[in-house]
Structures are given as C-alpha cells and as structure tokens.
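Asks: any chance you can model this:
(chains A, B, C and D)
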Number of protein chains: 2
Amino acid sequence: MSSKGPWLDDGEQKSWRSYLLMKRTLETHLERHLQREFGLSGSDFEILVNLSESDAGRMRAFELSRSTQWEKSRLSHHLTRMEKRGLIRKEACDSRYPEIVITEEGLAAIKECAPAHAARVREFFVDVFGPDRFAVLGEVSDEVVDAIGRHCDDDCPLEARS
Amino acid sequence: MSSKGPWLDDGEQKSWRSYLLMKRTLETHLERHLQREFGLSGSDFEILVNLSESDAGRMRAFELSRSTQWEKSRLSHHLTRMEKRGLIRKEACDSRYPEIVITEEGLAAIKECAPAHAARVREFFVDVFGPDRFAVLGEVSDEVVDAIGRHCDDDCPLEARS
DNA sequence: CGCGTTGGGTTGATGTGTCAACCCAGCCGG
DNA sequence: CCGGCTGGGTTGACACATCAACCCAACGCG
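Replies: Just a heads-up that it's a prediction; the model follows:
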C-alpha cells in the first residue's frame, strides 16, 4: 500500500494540519457570511443552486440526492425545513413522488447572494491559489474522490454483509 | 480586489466543485471509519490527540480552545459529553478552573485508533497528492488562513460594533 | 470600599446531520 | 393470487454545532 508505513512524518503532519485548519476556517467563514448577510445556510445554498440550474426549477428528490451526493434522509429533513421557510415547495405530479420546486422567494434569495458568495470564494480561495495551483487542486481532488470510491466499491459489499 | 469580477469561470467552477466534493467525501469517509471501528467521532479524536500530546495529559479548557480553534461553547458541550463517556475527566486544581485530564480509557482509545486513522489519511490523501503537490497544499493552506485572518482583523471590530 | 468591566466557562434553545427503522408502490417468481 | 424483494421517501431518536445569555471571580479605578 504505502512505502512509508502508516505514520505521517513531520512535514506531512504539518501540511495535513494546515489543510485541516484551512478547510475549517474557510468553511466557517463562508457559512457565516451567507448566514449573516442572507439568512441562508450552506446547505440551503447548495439545494437552491441545484434547483435554479435545472431546466424548470424543479427536480425529483432523488435527482437532488444524486447531484448533491447527500444521504436521502438528510435531504428529506432539509427539504421539509426549507419548505417551512418558503424557499421550496413539494408539488404533487402525475407519476407518484412529488417534485421539488423552487419558489419565487427561493429564487430571489439565491440570485441575491450568489455573486457575493462567489466573490468571497474567489478572493479567499481561488485567487490565493492562483490559476495553475488551483487547476492542480481540481485534478487532485478528483483523484482523491476516485481513490476513496474504488476503496468503497471493494469494501461496501463486504461491509454490507449480514 | 480581483481582476476578473466576482464570478468563477467554467474551469474554476469545475475545480471548486471538485474540491467541495473531495472535502466532503474525505471527511465522511474518515469520520465514518473512526466511528464504526472505534466508536470515536472526529471531534473526540481531535480532543484526545491534543490532550495526549500535552505534557501530563492535562490542559486547561482554554488551552484546548486555543489549539483546536473551537468556540468555547462547543468545547464545553463536547467535554461534558466526553466526560459522560469516560474519555476525559474534569479535575479541580489549586487555582480556580478545572483541568481537563485524559483518562486511561481515553488514552487507550486514541492509541488504538491513531495508526489506522493515519494510514487512511496517507492512503487516500497524502499519497494521492504525492510529496511535491502535498507540500504545496500545505503552503497554500497557510496562505488562505492568513488571507481570511487579515480580512477578519479588518472587519471584526466593525462587526462587533454595538 | 463599591462598582463596572473583563474573561474563562456553563447553559438552553434551536437548527442540523446520521443512523436505523419504517412505509408503500411496483415488480417478480411461484 | 400471494409472498418476498427493491427502491424512493419519511420518520424518530440521538449526537452535534452555534448563538446568545448568563455566572462568577478577578481586576481596575473612583
């Protein structure tokens, strides 16, 4: 597996902890900004982005679940909360299973906050990396996701044994 | 601020979303592994690491708060939960304010899971990056934290106006 | 002394994520 | 026709994070 055994050496430790700190700092900064300025959580934002990018502002729940990669129960809980706040609506349609529709209010909310959010992502993340390093980050990220995916393809059948 | 306006172009969008997916995938994978194999959450792990690295396995709460960068209320809540589970103890000492002490059980728990955890970090993250790219990640992470920190130094006095 | 302020720490309310169990329609094999 | 299975979706219980409010000892200063 690894040429160096399980442990991380000092330099790796340092980089790993820097990464962890950065991840948390960026996460809370962005989330806080959205919350304070626009009353939206990061989760709200993610759902609204997906809906607003879809053809008619409406998707089945399991499409959302596919594109966000959320667990179905998290999605269900969050959608009921968002419906209570008027950001989305569940609309019955011909074939069983309701469609999730973005409301006027939801559309207005995301249109209002998206530019400010994007600007912060650019200022504190994209521009700090710079084009080259940022492109590399994108590539490596895909590799990491693949690596974990391959591992789980191997394991999950085993873990799901009963 | 930015030479390109607030929006992200297509390539940047793609990298950003790759990063977001990677971050979540890695996070849930590591957390799930710790939880299922050892009954520890990532938060438990972080506290136990800090305590076990301290001189006598004991620190004041606010030292923990400094080294983890957690909010004090999060820390307080989590420490009471961990005490209930026997991983730590709050011990009264001479000068006001109790010390947080890692228990035998807590020490055993972290010693047991740390190698497996480190191995997963290495396998799915460090080794996928490779030494060079990983070192760069560490550096850029520090820069991002600095950038956000500088911004908040400017703003927080204003935000904290009353 | 008395009184306000600061700072470490706790508490409660609330919103959120996770797990496991469940519901139910459709499907498939007898 | 019936029984079990699958898959989209909901629910409830619980662990967790965040915010604001609070507690209280120590300090500063009139």
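Asks: rest of the way, CA atoms for contacts and neighbours
Replies: Will do.
Asks: need the phi and psi values for the residue nearest to A:Glu104 when sequence neighbours are not counted.
Replies: Leaving aside its sequence neighbours, A:Glu104 sits nearest to A:Leu87 (C-alpha to C-alpha, 6 or more residues apart in numbering or on different chains; 7.8 Å). Backbone torsions of A:Leu87, given as degrees, to the nearest 10, read phi -80, psi -30.
Asks: how many neighbours does A:Leu87 have?
Replies: Look at A:Leu87: counted by other C-alpha atoms under 10 Å in any protein chain shown, it has 22 neighbours.
Asks: can you check the one 4 residues further on too?
Replies: Neighbours of A:Glu91 under the rule other C-alpha under 10 Å: 12.
Asks: ok, it to DNA strand D distance?
Replies: According to C-alpha to the nearest atom of the strand, to the nearest Å, A:Glu91 and DNA strand D sit 10 Å apart.
Asks: before we move on, what about A:Ser67?
Replies: 12 Å.
Asks: quick check: pLDDT value at that residue.
Replies: pLDDT for A:Ser67: 94.
Asks: what about it, helix or strand, and which?
Replies: Assigned by DSSP states H and E, A:Ser67 belongs to helix A:61-68.
Asks: centre of the chain to that helix, how far?
Replies: Mean-position distance between helix A:61-68 and its chain equals 12 Å (C-alpha atoms, centre = their mean, to the nearest Å).
Asks: what is the helix or strand that it is followed by packed up against?
Replies: Next along the chain after helix A:61-68, taking DSSP H and E as the criterion, comes helix A:72-84. Under the contact definition 3 or more C-alpha pairs under 8 Å, 6 or more residues apart in numbering or on different chains; DSSP states H and E, helix A:72-84 sits against helix A:61-68, strand A:88-91.
Asks: list the buried ones in helix A:72-84?
Replies: The neighbour-count check on helix A:72-84 (16 or more other C-alpha atoms under 10 Å in any protein chain shown) flags A:Leu75, A:Leu79, A:Met82, A:Glu83 as buried.
Asks: verify the contact between the first one and A:Ser65 for me.
Replies: Yes: applying C-alpha atoms under 8 Å as the test, A:Leu75 and A:Ser65 come out as touching, 6.8 Å apart.
Asks: would you map the helices across chain A?
Replies: A:10-38, A:42-53, A:61-68, A:72-84, A:104-121, A:127-129, A:131-159 (DSSP state H).
Asks: nearest to B:Ser54, out of those helices?
Replies: Closest to B:Ser54 of those is helix A:10-38 (C-alpha to C-alpha; 16.6 Å).
Asks: quick one: A:Cys113 from A:Gln35, how far?
Replies: 10 Å (C-alpha to C-alpha, to the nearest Å).
Asks: those two: which is more packed in?
Replies: The residue with more neighbours, out of A:Cys113 and A:Gln35, is A:Cys113; 17 against 14, by other C-alpha under 10 Å.
Asks: picking that back up, from the helices of chain A, which stretch is densest packed?
Replies: Comparing the helices of chain A by mean neighbour count (mean count of other C-alpha atoms under 10 Å in any protein chain shown), helix A:127-129 comes out on top with a mean of 20.
Asks: can you tell me what sits against it?
Replies: For helix A:127-129, contacts defined as C-alpha atoms under 8 Å, 6 or more residues apart in numbering or on different chains pick out B:Ser2, B:Val140, B:Glu143, B:Val144, B:Ala147.
Asks: what's the angle from the helix holding A:Ser67 to helix A:42-53?
Replies: Using axes from the mean of the first three to the mean of the last three C-alpha atoms, to 10 degrees, the inter-axis angle of helix A:61-68 relative to helix A:42-53 is 110 degrees.
Asks: now check helix A:61-68, is it near DNA strand C?
Replies: No: shown here: helix A:61-68 not in contact with DNA strand C (C-alpha under 7 Å from any atom of the strand), separated by at least 11.1 Å.
Asks: other SSEs contacting that helix?
Replies: So helix A:61-68, by 3+ C-alpha pairs under 8 Å, 6+ apart, packs with helix A:42-53, helix A:72-84.
Asks: which helix or strand in chain A has the lowest average pLDDT?
Replies: Every helix and strand in chain A was compared by mean pLDDT, DSSP states H and E; the lowest is helix A:131-159, with a mean of 84.
Asks: which bits of chain A sit near DNA strand D?
Replies: Contacts of chain A with DNA strand D, taken as C-alpha under 7 Å from any atom of the strand, map to A:28, A:32, A:60-63, A:72-77, A:97-98.
Asks: cutoff 6 Å now
Replies: Applying C-alpha under 6 Å from any atom of the strand, one finds that chain A approaches DNA strand D through A:Thr28, A:Arg32, A:Arg60, A:Ala61, A:Phe62, A:Lys72, A:Ser73, A:Ser76, A:His77, A:Tyr97.
Asks: check what pLDDT the fourth one gets.
Replies: In other words, A:Ala61. pLDDT recorded at A:Ala61 is 96.
Asks: quick one: low-confidence ranges for chain A?
Replies: A:1-5, A:153-162 (pLDDT under 70).
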